[in-house]
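Student: Give me the fold of what follows.
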Amino acid sequence: MRTLNFRRAARTSALGTVALIASLSLTACQGDDPEPYDALPSASAGSASKTPAESAGSSGDKGTAAPDADQGKDATGSGSGGGTSTTKPKDDSGNGNGNGGSGGSDDNANTATVTCTGGNTKLSITEISRPVNHMLLTMTNTGSKACNAYYYPYLKFGEAQSVPNTFEDSKPQAVVTINPGESAYAGVMTSSADGSGSNGYSAKDLSVSFQNRDGNSDNTGSSVSVPLSKSVHVDSSLTVSYWQMSMDDALTY
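Tutor: As a prediction, this is how the structure comes out:
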């Protein structure tokens, strides 16, 4: 009888251990979910008349994009990089120290993820045939740690003195996290297809700045110059999407 009771107790203990391990595994899986944007601090919209450098300490303009009847969802185009990670950001205090713009060094060796900046990424932009008047901005993680692509890029075509509008509908549910060697994407509508845009001009260069978790450009390093293959016509309809995990998502808007 004592032997039987001992075996039952051992079996109960084993089942309890299995249940505990399963519970911990489930918690760990839930902890790997990407950080939802709703959990981030609310960033107040910055002045549209300020450049990204002047807007440090406040978020960029998050205005509503002008509708474009020719915008489609069957976009095709070229871009480098692969998919993105869904690892939950744990600490983005570092800024990396790779090629590109000048970002602060990552002093925290235990940091799981860092903020994507010019110091740990490489940027390229490609002209896209569809949707018309669109370009694809690709950001590839060149650092040794996964980085968080917060919100959307600050763009400055030529001598522009304002932050472009943003496709608010492009805001994903969670922050895009990029593993080393992989890429994130942002779609850019440079001008209206129906000619409704105003103050058009030809831009021969582009600079890009980054946002941090608080929705501003503090501690993200200087802007990065992105080569253009040819002059780009830009007008008041200039609008950019949030960072996306895929090229198709970036060019949907």
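
Student: In the stretch 1-150 of the chain, where is pLDDT below threshold?
Tutor: 1-33, 42-111 (pLDDT under 70).

Student: Report how many residues lie close to Met189.
Tutor: Neighbour count for Met189, taken as other CB atoms under 10 Å: 29. Where you see a C-beta, it was placed from the backbone N, CA and C, and this is true even at glycine.

Student: any idea of the pLDDT on it?
Tutor: Here, the pLDDT recorded for Met189 equals 96.

Student: Give the bridge partners for the nearest residue to it once chain neighbours are set aside, please.
Tutor: In space, Met189 comes closest to Thr239 once its chain neighbours are excluded; the distance is 4.7 Å by CB to CB, 6 or more residues apart in numbering. On the basis of DSSP bridges, Thr239 is bridged to Asn165, Met189.

Student: One more: Ser124?
Tutor: Thr138.

Student: From Met139, how far off is it?
Tutor: Counting by CB to CB, to the nearest Å, the gap between Ser124 and Met139 amounts to 8 Å.

Student: Looking at those two now, which is surrounded by more residues?
Tutor: Met139 (30 against 16).

Student: In contact with the more buried one: list those residues for me.
Tutor: 81, 116, 121-123, 149, 153, 178, 183-186, 243 (CB atoms under 8 Å, 6 or more residues apart in numbering).

Student: Any idea how many residues pack against Leu40?
Tutor: As a burial measure, Leu40 scores 16 neighbours (other CB under 10 Å).
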